[in-house]
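Engineer: got a structure for you, letters missing:
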């Protein structure tokens, strides 16, 4: 008899001639050698039954021949043991596995007594009492087979899919354990690609994001006694070329001419290198910068429909965006004109201000203010300046009575009523040398010059003022002297 723990490696074997106990492993293998006759069968029991007999012999045994007087015990026709007729208690125990009948047959246990007298005829009494006979060590072997299941088919998934659920336990059966009590377990050999779990006997497969390949999955089914059915299936996750992604673009964008606007596209692609993703526009002034953002720099006012295409070579997206290109006026003081030789103390001089519109849109109702230090000395308005146009207006300044240098500041659109491209170029400042009045004969000439510098409107105002003053003085003067005779 040879034994093995795994059914592969076997021991050297032990010769058995009588039915003694076998030191067995998980597997047994019997080689039978016969020299005569035939083999009707071979039985290897998993039992180790033992008969235990307790009894007592009392009385007188002087007239008995001890070697020929005894109790005998048998199973069927097989003598299994004897007990000498010796006064006293006895207890016997011996294995009887080899004598057990086959399944379905009757177990016959017999007890016999043999008395052999050799005496002078004096009567003697001997009592052999059997108190109990016990058969122990036997057990029933119930063979529990492994569960049987249908092998699930390999599972096919897409990397961007939602996984799969496979009904499995209802395909299994077992000779003892109910199907609903079978324990199903599953384990992925590559959890970085596929995760698997069991829910109410169903196999639930979930692929990891943006991963593809093959993941073997081990599936085991155990019954209530630990018998196991197992298999391995493959879960194949097919790769998907994901399209590029980008931020949602606005439908319309307001872009002032001369002030470029940048729109962040945030283009990304999981499966394609970002440098291989092309971003194109159909307009020369709509460009893509080094950060892959959209720069809009229209050259003139108007409404433009810009097309933008984003492609990874497999998938192309085309988006449209409406650009409302606007242009504001940009007012600046190009020059200030006055006659420096006529800048005499107390005189009124014209300060002519030339204003240019550098923007692409016209400007209307343009106001101008002139200051000497912090004192407002005059203001003027220009009704309209066309785009890139040049217009003028004049302030009239009555010079201070002190000769010397003084400041002249001119502002265009000082209250910022006109929205401009730039508000930093609306000021002009200069120093003006005020000439003194000479006491020489040139004084009258200078006075005549002063009068000549007055504008016609100022002369008319001065004349009206003198006439009104004369009328008021005439009314307020004393009445005529009346002469009485």
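Structural biologist: Received it, and whenever you're ready, just let me know what you need. Predicted model, so just to flag it, every value in this text is computed and none were measured. Residues are numbered from 1 along each chain as shown.
Engineer: buried ones in stretch 389-407?
Structural biologist: Neighbour-count burial for stretch 389-407, with 16 or more other CB atoms under 10 Å as criterion, is recorded at 389, 391, 393-397, 399-400. Every residue, glycine included, has its C-beta placed from N, CA and C.
Engineer: let me fix that: stretch 211-224
Structural biologist: For stretch 211-224, the neighbour count (16+ other CB under 10 Å) marks 212, 215, 217, 219-223 as buried.
Engineer: So among those residues, where is pLDDT lowest?
Structural biologist: Least confident entry in the buried residues of stretch 211-224, by pLDDT: residue 212, with 89.
Engineer: So it sits against residue 241, correct?
Structural biologist: No. Look at residue 212 against residue 241 with CB atoms under 8 Å: they stay out of range, at 10.6 Å.
Engineer: so where do the helices sit in this protein?
Structural biologist: Listed in chain order, the helices of the chain (DSSP state H) span 442-453, 456-476.
Engineer: quick one, strands of the stretch 101-250 of the chain?
Structural biologist: Under the criterion DSSP state E, counting those that start in this stretch, the stretch 101-250 of the chain carries strands at the ranges 109-114, 126-136, 155-158, 164-167, 183-188, 194-199, 202-207, 213-222, 228-238.
Engineer: Which elements pack onto the third one?
Structural biologist: The reference is to strand 155-158. With contacts taken as 3 or more CB pairs under 8 Å, 6 or more residues apart in numbering; DSSP states H and E, strand 155-158 sits against strand 164-167, strand 202-207, strand 228-238.
Engineer: Now residue 153. Nearest residue, chain neighbours left out?
Structural biologist: Counting by CB to CB, 6 or more residues apart in numbering, residue 233 is the residue found nearest to residue 153 once chain neighbours are left out, at 7.3 Å.
Engineer: Wait, that neighbour touches residue 152, no?
Structural biologist: Yes. With contact defined as CB under 8 Å, residue 233 reaches residue 152; the gap is 5.5 Å.
Engineer: can you count the residues close to the nearest residue to residue 385 once chain neighbours are set aside?
Structural biologist: Closest residue to residue 385 apart from its sequence neighbours, by CB to CB, 6+ apart: residue 357 at 4.3 Å. Using other CB atoms under 10 Å, residue 357 has 24 other residues around it.
Engineer: quick one: residue 357 and residue 384 touch, right?
Structural biologist: No. Using CB under 8 Å, residue 357 makes no contact with residue 384, being 9.6 Å away.
Engineer: got any residues that touch both of these two?
Structural biologist: The contact sets of residue 357 and residue 384 overlap at residue 363 (CB atoms under 8 Å, 6 or more residues apart in numbering).
Engineer: returning to that earlier point: and residue 146, which of the helices and strands packed on strand 155-158 is closest to it?
Structural biologist: If you check each of these against residue 146 by CB to CB, strand 228-238 wins as the nearest, at 5.3 Å.
Engineer: what angle do that closest one and strand 202-207 make?
Structural biologist: Counting by axes from the mean of the first three to the mean of the last three CA atoms, to 10 degrees, strand 228-238 lies at 30 degrees to strand 202-207.
Engineer: Give the buried residues for strand 228-238.
Structural biologist: Neighbour-count burial for strand 228-238 flags 229, 233, 235-237 (criterion: 16+ other CB under 10 Å).
Engineer: Same list, these, but as a markdown table with distance to residue 169 and pLDDT please.
Structural biologist: Output for those, formatted as a markdown table (distance: CB to CB, whole Å; pLDDT from 0 to 100):
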| residue | distance to residue 169 | pLDDT |
| --- | --- | --- |
| 229 | 11 | 96 |
| 233 | 15 | 95 |
| 235 | 18 | 95 |
| 236 | 23 | 94 |
| 237 | 24 | 93 |
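Engineer: Which members of those are the farthest-apart pair?
Structural biologist: Using CB to CB, the pair of the buried residues of strand 228-238 lying farthest apart is 229 and 237, separated by 26.2 Å.
Engineer: Make sure residue 160 is actually in contact with residue 240.
Structural biologist: Yes. Using CB under 8 Å, residue 160 is in contact with residue 240, at 4.8 Å.
Engineer: Would you quantify the distance from residue 41 to residue 30?
Structural biologist: For residue 41, the distance to residue 30 (CB to CB, to the nearest Å) stands at 12 Å.
Engineer: Comparing those two, which shows the higher neighbour count?
Structural biologist: residue 30 (11 against 5).
Engineer: so what's the closest residue to that one other than its chain neighbours up against?
Structural biologist: Once flanking residues are discounted, residue 30 sits nearest to residue 1: 5.6 Å by CB to CB, 6+ apart. Contact analysis of residue 1 by CB under 8 Å, 6+ apart lists 13-16, 22, 24, 28-31.
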